[in-house]
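S.K.: Let's see this in three dimensions:
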Amino acid sequence: GARISQAADTIGAPILVGAVLLGPDAGQVRNAGILWRPGSGPDLEQLYVKRHPVPFAEYVPLRNIARMVSKEVDRVRSDFVAGSTPGVVRAGAVPLGDVICFEVAYDEVVRDTVTGGAQLLVVQTNNATFDAAEARQQLAMVRLRAVEHGRPALMASTVGVSGFVAPDGRVSDATGFNTREVVVRQLVLADGRTPAT
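M.R.: Residues are numbered from 1 along each chain as shown. Just a heads-up that it's a prediction; the model follows:
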């Protein structure tokens, strides 16, 4: 937390941080995006919890029955609990549409951020279990959502592929797979609705 605060203070801007939060109950966790503000730290009013956790990766449905098929289900030790509100995170004057990882594949999850006022789509992802083809597939989904809703978008991955996408689908400054890189780009925010929205 101290390092994130130092980074936010240094750049004088909020940082959207991916985190795994404990709870709400024992044995449960939440995949979240937290807005970390300079000078004050985490803004828990601007927190998004992933609404579409991945079955058999982030939680195990019907665990006792699944265990009869394979004991490997217990490699998922804690079940991720779904959030209930769209990922509209207000970073000052800019409403972001936060989407976590493969939620970008679900129409309603992305659409709800746009109808909630998002002017920029932000896809946070880890991709640690993906290969290069899966990471590029996810960036292709980000391109689709940018065009679909007429919004600029970006995908920030800790180990996969990161990049910026214009509302017409053009990708800029995409990183290589599992490549450490710092990329800075100015984006023009957009609003309004498309026929798809």
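S.K.: Mind jotting down where the strands sit in this protein?
M.R.: According to DSSP state E, the chain carries its strands in the segments 15-22, 28-37, 41-49, 79-80, 88-91, 94-100, 120-125, 153-157, 163-165, 171-172.
S.K.: Near residue 59, how many other residues are there?
M.R.: Counted with other C-beta atoms under 10 Å, residues neighbouring residue 59 total 17. Where C-beta positions appear, they are placed from N, C-alpha and C, glycine not excepted.
S.K.: check contacts around it.
M.R.: Contact partners of residue 59, counting by C-beta atoms under 8 Å, 6 or more residues apart in numbering, are 53, 76, 79, 80, 81.
S.K.: other SSEs contacting the longest helix along the chain?
M.R.: Longest helix of the chain, by residue count under DSSP state H: helix 132-149. Packing partners of helix 132-149 (3 or more C-beta pairs under 8 Å, 6 or more residues apart in numbering; DSSP states H and E): helix 107-115, strand 120-125, strand 153-157, strand 163-165.
S.K.: can you state the direction angle for that helix and helix 107-115?
M.R.: 50 degrees (axes from the mean of the first three to the mean of the last three C-alpha atoms, to 10 degrees).
S.K.: And for helix 132-149, what's in contact with it?
M.R.: 99, 101-102, 104-105, 110-111, 114, 121, 123, 125, 127, 130, 151-155, 157, 160-161, 163, 165-169, 171, 174, 177-178, 194, 196-197.
S.K.: What residues sit buried inside that helix?
M.R.: 135, 138, 139, 141, 142, 143, 144, 145, 146, 147, 148, 149 (16 or more other C-beta atoms under 10 Å).
S.K.: Kindly report the same for stretch 150-169.
M.R.: Buried residues in stretch 150-169, counted by 16+ other C-beta under 10 Å: 150-157, 159-167.
S.K.: Repeat that for stretch 74-83.
M.R.: By neighbour count on 16+ other C-beta under 10 Å, the buried set for stretch 74-83 is 76, 80, 81, 83.
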